[in-house]
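Novice: I need the structure of the sequence given here:
(2 chains)
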There are 2 protein chains.
Amino acid sequence: MLQKLETHLEKNFPFLKGKKLLITVSGGIDSVVLAHVFHQLKYQIGIAHCNFQLRGIESDLDERFVEKIAKEFNCQFHSIQFLTKEYCKKNKVNIQIGARELRYDWFQKLYTEYEYDYILTAHHLNDVMETFFINLSRGTGLDGLASIPPINQNIIRPFLIVSRNDIETYANNLNIKWREDQSNAETKYIRNKIRHHITPELYKLHPNFEENFLNTVLKIHDSKIFIKQKIAALQKEIFTTKENDFIIDKNIIKNLSDFEIYELFKPFDFTATQEIKKLIATQTGKQIYSSTHTLLNNRDSLILSINTQDLNEDVYMIEHMQDIHHLPISLNFSFANKEISKDCIALNLEQTSFPLMIRKWKDGDYFHPTGMRGKKKISKYFKDEKFSLRDKENTWLLCNHQQQIIWIIGHRADRILTCKPEKENLVYISV
Amino acid sequence: MLQKLETHLEKNFPFLKGKKLLITVSGGIDSVVLAHVFHQLKYQIGIAHCNFQLRGIESDLDERFVEKIAKEFNCQFHSIQFLTKEYCKKNKVNIQIGARELRYDWFQKLYTEYEYDYILTAHHLNDVMETFFINLSRGTGLDGLASIPPINQNIIRPFLIVSRNDIETYANNLNIKWREDQSNAETKYIRNKIRHHITPELYKLHPNFEENFLNTVLKIHDSKIFIKQKIAALQKEIFTTKENDFIIDKNIIKNLSDFEIYELFKPFDFTATQEIKKLIATQTGKQIYSSTHTLLNNRDSLILSINTQDLNEDVYMIEHMQDIHHLPISLNFSFANKEISKDCIALNLEQTSFPLMIRKWKDGDYFHPTGMRGKKKISKYFKDEKFSLRDKENTWLLCNHQQQIIWIIGHRADRILTCKPEKENLVYISV
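Specialist: Down below sits the predicted model:
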């Protein structure tokens, strides 16, 4: 007889049927049950296990334990031994962040190399609750309350709709063995507090607390996406490009709500809405500064410009797709379908605002390299790729108006700001 | 020396300065401190106390206690004795709802009669937290998490930014006396649970929990309003009126997100987005029903129509402002400024979608009478106003397309769906 968990998954993630799934298994109860359920349901799965070598023999026993499961399921097994401590020391990151970088970077490599359709992780509803309350206490706003997304590009978290309790019941009923999970050390203390002192009390408030909570989080997630889209459309409508700046009609801003003003200027690091409103009310010529931009009151308009004085090198603005003749390197814009490579990226036209710019790197620059999770300093990228001083000096960065790096031209793209080729409404940029 | 609380209030509610404020005081610590602070800050205040006569001599002692405070502050004192139990029995509501109706109804009367600028209540940050968690557990979505608004028409809650702890410190430091509050009996159990078991644990999660929490709630509140406005604009854009129905292009709906579809059709009581998407995919002629509306798949369109068969009496649709000649009573639409009365209401043009309709009352009809808080059954309104059977039969209701009652024509308007005359972009409807 199929368990509650299995019915849940078949009903809520029908799109996984017939796909090749990479299941990430630490050896802890959550991921072991995840693998078990998908094996039971006869999905085509592979199992990936990271040995971070942080707990001596225990780490090796975890690895052997997961390998045994893969054998039992007769499925492909991938494992890797990381020199985690060395990696973290070298990259000056804490163990949790380092382990996460290593882990997701490797998962994405397996995804590409072995042609998996999705990567599955075992985060569950109680993880969401804990993240929700950590973020509520930190004041991270709607974005934080949206918590862990159930689907994030090729990463799927099918257990977000089930509770720790359901997973434990499943494991006990089917007599499934697992090893105690030692991960999440950094937030373990605060998560334990929430798990033992807050969550149990919340369950007592309402018989359907679990379901009601999950619905609320999903609704927050949808609300967040809706707001982001609307604000992007609003920006496109009222920010007009002139030379290197954005020009914004003051009278339009005056009619916006504080919320809209906040959301519009947040990407340019202006977060004090009252300051912007004050600026509008003062005389022409006044300006305010953020870490990246200047906002100038100029008669009927606000002029938003980049703080180029902060940049070490020349900056070349690209005001529209044809505006490439003055650039120090040859860039080509095209709507024709091209193959994405280190020499060609794709941008979504809807989500891209001109002007773009190209410039040299500076200290503190970072990007989100394609094929890995998290962000990386440009300096670190150069080092890992063994760039000479001359290579570094000769490398151009394509950036958007918020100075975010879209592409280390000819080398590596930012995975958040660029698109995969299967999407619609793309423009291709190549060298 | 001014206390933290006083600085807080002067900084965050500057618009109260120089205004005439009605402070509602039960005699409990929160409201006594509220009155004290505004007295200290030399605002022009009046104090209102309701004696619900629910706790015998204790209720009378509360009243005398508050009266003494008003005398001490040398400010106007308003008090009233309600026959609360009789009222609730007669109106078939529980004590909490009955007491709230009586209370806010009376506050609004004082507000008008004594020309106050604002009504102040003493809800504080911990009340917000408790409401937040009650609503989170009930799954009321973003609306519920926005919790108690700091400003709601003429009602201001200046203590929403301060905690119970701050209020207690203030009272203790200044040796302020109060009487134990006995209200909120209905939610007392669940509120106590949150107060004693959840809130203290949350405070331990982050040193700035209080401030971070408040910022999140205010952001949720702003997000909610932003979403509502955008959805209203979207509806106006894509719902076209034809005779008594709304016509919606199927291809437009296909390009909307699930979230947008949900929010668009929720007011018509269609909450299963998947059902609507399924309807679009099926053949022409299929329809689905909500409690109030029918949605029909008709070639390239969806047709949204009211379930008129549920109504006992004739329904007359008003498709546009000139479409009044077929009505059984004489209605007049005008843009000229008129005085609002029982015979004339004002609607905001932006927020009003045609068709409107007039019809007779039916069982279960309710509205939100101007000048009081909460809603009231039409049958109850008729009873209270001593309508004869013939009066009831002769009375027409003006309703919107969602069948919400805008106006008991010639008698009383709904305070949510109609506007005050000082607003812009109004249309006046009179008999």
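Novice: Show the pLDDT at residue A:119.
Specialist: With respect to pLDDT, residue A:119 has a value of 95.
Novice: Contacts only, for it.
Specialist: Each residue near residue A:119 by CB atoms under 8 Å, 6 or more residues apart in numbering or on different chains is listed here: A:21-22, A:24, A:107-108, A:111, A:154-156. In this view, the C-beta of every residue, glycine as well, is placed from N, C-alpha and C.
Novice: With residue A:120 instead?
Specialist: A:21-24, A:34, A:38, A:155-158.
Novice: Which two among those residues are spaced furthest apart?
Specialist: Maximum pairwise distance among those (CB to CB): 15.0 Å, between A:38 and A:155.
Novice: So which of the two has more stuff around it?
Specialist: Taking neighbours as other CB atoms under 10 Å in any protein chain shown, residue A:38 and residue A:155 compare with residue A:38 leading, 23 against 20.
Novice: Distance-wise, check that one relative to chain B.
Specialist: 25 Å (CB to the nearest CB, to the nearest Å).
Novice: Got the confidence number for that residue?
Specialist: Looking at residue A:38, its pLDDT reads 94.
Novice: List the buried residues of the strand ranked longest in chain A.
Specialist: If you go by DSSP state E, chain A has its longest strand at strand A:44-51. For strand A:44-51, a neighbour-count test (16 or more other CB atoms under 10 Å in any protein chain shown) marks A:45-51 as buried.
Novice: How about stretch A:405-412?
Specialist: Buried residues in stretch A:405-412, defined by neighbour count with 16+ other CB under 10 Å: A:405-409, A:411-412.
Novice: Enumerate the residues of chain A near chain B.
Specialist: A:133-134, A:136-142, A:144-145, A:190, A:193-194, A:197-198, A:201-202, A:204-206, A:208-209, A:211-213, A:215-216, A:219-220, A:222-223, A:225-227, A:230, A:257-260 (CB under 8 Å from any CB of the partner chain).
Novice: if we can go back for a sec, turn the contacts of residue A:120 into CSV, columns for secondary structure.
Specialist: Shown next, in CSV, are the contacts of residue A:120 (DSSP: H, G, I helix; E, B strand; the rest coil):
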residue, secondary structure
A:21, strand
A:22, strand
A:23, strand
A:24, strand
A:34, helix
A:38, helix
A:155, strand
A:156, strand
A:157, coil
A:158, helix
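Novice: What is the nearest of these to chain B?
Specialist: residue A:156 (17.7 Å; CB to the nearest CB).
Novice: one step back: now the element after the longest strand of chain A, going C-ward?
Specialist: In the C-terminal direction, the helix or strand that comes right after strand A:44-51 (DSSP states H and E) is helix A:57-73.
Novice: For that following helix, buried residues please.
Specialist: Under the neighbour-count criterion of 16+ other CB under 10 Å, helix A:57-73 has A:59, A:62-63, A:65-67, A:69-70, A:73 buried.
Novice: Can you list the residue ranges for helices in the stretch 201-350 of chain A?
Specialist: A:209-238, A:250-254, A:258-265, A:273-281 (DSSP state H, counting those that start in this stretch).
Novice: if we can go back for a sec, got a quick ChimeraX command for the buried subset of the residues of chain A next to chain B?
Specialist: This is the ChimeraX syntax for the buried subset of those, where burial follows 16+ other CB under 10 Å:
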select /A:133,134,136,137,138,139,140,141,142,144,145,190,193,194,197,198,201,202,205,206,209,212,213,216,219,220,222,223,226,227,230,259,260
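Novice: before we move on, the earlier item: and the helices of the stretch 201-350 of chain A: which comes nearest residue A:352?
Specialist: helix A:209-238 (9.9 Å).
Novice: rewinding a little: can I get the helices of the stretch 201-350 of chain A in a markdown table with mean pLDDT?
Specialist: Listed next are these as a markdown table, based on pLDDT from 0 to 100:
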| stretch | mean pLDDT |
| --- | --- |
| helix A:209-238 | 91 |
| helix A:250-254 | 92 |
| helix A:258-265 | 93 |
| helix A:273-281 | 92 |
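Novice: is it possible to export those to a markdown table including distance to residue A:354?
Specialist: Formatted as a markdown table, those follow (distance: least, CB to CB, whole Å):
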| stretch | distance to residue A:354 |
| --- | --- |
| helix A:209-238 | 10 |
| helix A:250-254 | 20 |
| helix A:258-265 | 17 |
| helix A:273-281 | 23 |
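Novice: Contacts only, for the residue located most distally from the centre of chain A.
Specialist: Relative to the mean C-alpha coordinate of chain A, counting by CA atoms, centre = their mean, the farthest residue is residue A:283 (41.2 Å). Applying CB under 8 Å, 6+ apart to residue A:283 gives the contacts residue A:297.
Novice: Need the pLDDT of it.
Specialist: 84.
Novice: cool, and residue A:183?
Specialist: Looking at residue A:183, its pLDDT reads 54.
Novice: Tell me the one of the buried residues of stretch A:405-412 nearest residue A:16?
Specialist: Using CB to CB, residue A:412 comes nearest to residue A:16 of the buried residues of stretch A:405-412, at 30.2 Å.
Novice: With adjacent residues omitted, what lies nearest to the closest one?
Specialist: Leaving out its chain neighbours, the residue that sits closest to residue A:412 by CB to CB, 6 or more residues apart in numbering or on different chains is residue A:369, at 5.3 Å.
Novice: what does residue A:73 give?
Specialist: Residue A:73 sits nearest to residue A:39 (CB to CB, 6+ apart), 4.6 Å away.
Novice: So what's the residue count around the one you found?
Specialist: Residue A:39 is flanked by 18 other residues according to other CB under 10 Å.
Novice: Show the contacting residues for it.
Specialist: A:45, A:73, A:75.
Novice: just checking, it is part of a strand?
Specialist: No - applying three-state DSSP, one finds residue A:39 to be helix, outside a strand.
Novice: Residue A:280 reaches residue A:249, doesn't it?
Specialist: No - with contacts counted by CB atoms under 8 Å, residue A:280 stays clear of residue A:249, the gap being 10.7 Å.
Novice: neighbour-wise, which of these two wins?
Specialist: Taking other CB under 10 Å, residue A:280 and residue A:249 do not tie; residue A:280 has more neighbours (17 against 14).
Novice: With adjacent residues omitted, what lies nearest to the more buried one?
Specialist: Per CB to CB, 6+ apart, closest to residue A:280 is residue A:250, 5.3 Å.
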